[in-house]
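[1] Okay, sequence plus prediction incoming.
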Amino acid sequence: MGFAMRLRIGVVIHGPRIVDSGYAERILEILREFPGVVEIGAKVGGNMGRVAVIERGLEDVIDISERLYPSQCLRRLRDRDILLLLNYGKSRETGHTFGRMVVERAGIDKPVIQIERPGEDDGSILVWNREHCSEDVKEILETLISHISKRLGLEVMKCTGNKLSLWEEGDRVFRRIDTVDPGESILVNGVVVGRALGSPVVLIAERGRIVKIIQGEIKRDGVERLGTVDLRKAIVKTGVLRKGSFKVNGKRRLRGRDSSGEVVMVDRGDIDIIGMLRNRSISLLVTVGSDTTSILGSILTRFNVKIIGIVDEDFERYKLLEDSRIGEGSIILLKNCECYQVGKLLMEHLKGKRLGYREALSYVIDLLERHGVVYELKK
């Protein structure tokens, strides 16, 4: 039996939209039709993508066991013969730039077929790492590309995106983000650090701290919670993280504890929340920051986990999800201090505590009042 009859394929799915649109399922089916495919391993690593997989009931088809970046997913699957990267970027150019960055960071010597924005007029297929193919793989690769192209009606193109736009001047690192709409939130490693006023925007970091956003306004609380960052390697996103409105599938919920359990405090939205819920005895999450509360609060509505959200006046201003809903729990709106300041206070006092929701809420409120924090409680 020749190589063509024993093809092992790895698929990396990035973001919720490619799942929500149904194209992730469709592409996996198209791959199963291809002669000689004996194994397809599919992974999605981000929180929103994993939630989308759960909501569509695809956990047995797509691996959601780890919270990984796309480049890490590619490395996990590098023992496969051919890899695919499925993405639904904001535009063709941003999607192509994303693919270039992911493949470069993965540092693998396997061909990668990127399927970008399927179903859109500017949808396309790119092929990375052709030069790493042996002759027998090259032949089957071209056949597979043709098969996917015909089934999806997508053109095979060369990359039209730019390389990551970075430069340095002394102690400062500059990173430009193109194709940003005014009013969009700017997230760095899962934390909102500002809002776009125009396009492009340029993030400026000095000695690892973001100090300015050209054509954007900076969110000081987010910058403080982010801490030091290397803009050359950071994951930067703009706009909403998930579009559309989605039903919660009760049959697939992870259940939180109603009684006393571990109180977990988080101040960024890119933690492995699904792994935490599966592996730890958590009674509730205390989410610090308007962005963290919006992201994780929406996710936790799917899993019946209560939250205590610590937010500021920007809670409604930075829209990160079209279908934004906070589940059971309370929101504490701060009036006279920043979220990161309260976060430090709570971390000091809540670490290691095992409390039920009501007990934890009373504890937090008492702590705020004893330290002179002015707040408004919303349930």
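    Received, thanks. Numbering: from 1, shown residues only.

[2] check which helix or strand covers the nearest residue to F34 once chain neighbours are set aside.
    Counting by C-beta to C-beta, 6 or more residues apart in numbering, H147 is the residue found nearest to F34 once chain neighbours are left out, at 5.6 Å. Heads up, the C-betas are built off the backbone N, CA and C, glycines and all. Here H147 sits within helix 135-152, counting by DSSP states H and E.

[3] Please enumerate the strands of the stretch 51-200 of the chain.
    Taking DSSP state E, counting those that start in this stretch as the criterion, the stretch 51-200 of the chain carries its strands at 82-87, 112-116, 124-128, 155-156, 165-169, 172-177, 185-188, 191-196.

[4] which strands and helices sit next to the fourth one?
    The reference is to strand 155-156. Contact analysis of strand 155-156 by 3 or more C-beta pairs under 8 Å, 6 or more residues apart in numbering; DSSP states H and E lists strand 124-128, helix 135-152 as its packing neighbours.

[5] average pLDDT for that strand?
    If you average the pLDDT over strand 155-156, you get 96.

[6] which residues sit in contact with the closest residue to Y357 other than its chain neighbours?
    Using C-beta to C-beta, 6+ apart and skipping the chain neighbours, the partner closest in space to Y357 is K306 (4.6 Å). K306 sits next to G256, S283, L284, L285, L300, G327, E328, G329, Y357 when contact means C-beta atoms under 8 Å, 6 or more residues apart in numbering.

[7] Now G372: phi and psi?
    Here is the backbone geometry of G372 (degrees, to the nearest 10): phi 70, psi 20.

[8] buried ones in stretch 108-121?
    For stretch 108-121, a neighbour-count test (16 or more other C-beta atoms under 10 Å) marks I108, K110, P111, V112, I113, Q114, I115, E116, R117, P118 as buried.

[9] How far off centre is stretch 164-174?
    A distance of 25 Å separates the centroid of the chain from that of stretch 164-174, by C-alpha atoms, centre = their mean, to the nearest Å.

[10] Format the CA atom coordinates belonging to that stretch as PDB.
    Output of stretch 164-174 as PDB, limited to C-alpha atoms (Å, rounded to 0.1, in the frame of the first residue of the first chain):
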ATOM      1  CA  LEU A 164       4.200  41.700  11.500                       C
ATOM      2  CA  SER A 165       5.000  45.400  11.600                       C
ATOM      3  CA  LEU A 166       7.500  45.900  14.400                       C
ATOM      4  CA  TRP A 167      10.400  48.300  15.000                       C
ATOM      5  CA  GLU A 168      12.500  49.500  17.900                       C
ATOM      6  CA  GLU A 169      13.900  52.800  18.900                       C
ATOM      7  CA  GLY A 170      16.100  52.700  21.900                       C
ATOM      8  CA  ASP A 171      14.100  51.200  24.900                       C
ATOM      9  CA  ARG A 172      10.900  51.500  22.900                       C
ATOM     10  CA  VAL A 173       9.100  48.700  20.900                       C
ATOM     11  CA  PHE A 174       6.500  49.800  18.300                       C
END
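
[11] any idea of the mean pLDDT in it?
    Per-residue scores along stretch 164-174 average to 92.

[12] Looking at per-residue confidence, what score does the residue nearest the centre of the chain get?
    Centroid-nearest residue in the chain: G46, 4.3 Å away (criterion: C-alpha atoms, centre = their mean). Per-residue confidence (pLDDT) for G46: 91.
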